[in-house]
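K.L.:
Next come a sequence and a model predicted from it.
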Amino acid sequence: MKTNSNDSRSSPLINGGAKIMMGRNRAGELANLGSRLVHLGQMLQDDQTKIGELMRLAQECRFNLNLHVAAESE
């Protein structure tokens, strides 16, 4: 992501030059959400993760996690 060197706030630029205006608080919220999403992804890949942990992490990311459990067939 590019930044605008003429702006003292260093607003990020998107392709085509469109600006995204983020205050420090909003950027912190997005970084926090990103960290939670990464953690949720890691926990989803870990076969030792309990369903309750997944549900809690999903709620922290503001997701409604619906899980369906099926027995493996041979």
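P.N.:
Yep, it's here.

K.L.:
switch to C-alpha atoms for all contacts and neighbour counts from now on
P.N.:
Will do.

K.L.:
Please, where are all the strands along this structure?
P.N.:
Counting by DSSP state E, the chain has strands at residues 2-3, 12-13.

K.L.:
For these, which has the smallest mean pLDDT value?
P.N.:
When these are ranked by mean pLDDT, strand 2-3 comes last with a mean of 44.

K.L.:
how much space between residue 45 and residue 27?
P.N.:
Residue 45 sits 27 Å away from residue 27, going by Cα to Cα, to the nearest Å.

K.L.:
So between the two, which is more surrounded?
P.N.:
Comparing residue 45 with residue 27 by other Cα atoms under 10 Å, the one with more neighbours is residue 27, at 12 against 9.

K.L.:
Pull up the gap between that one and residue 33, please.
P.N.:
Going from residue 27 to residue 33 by Cα to Cα gives 10 Å.

K.L.:
and if you look at residue 43?
P.N.:
From residue 43 over to residue 33 the distance is 15 Å, taken as Cα to Cα.

K.L.:
can you check residue 40 too?
P.N.:
Summarising the geometry, the distance separating residue 40 from residue 33, computed by Cα to Cα, is 10 Å.

K.L.:
If you count surrounding residues, which of those two has more?
P.N.:
residue 40 (20 against 15).
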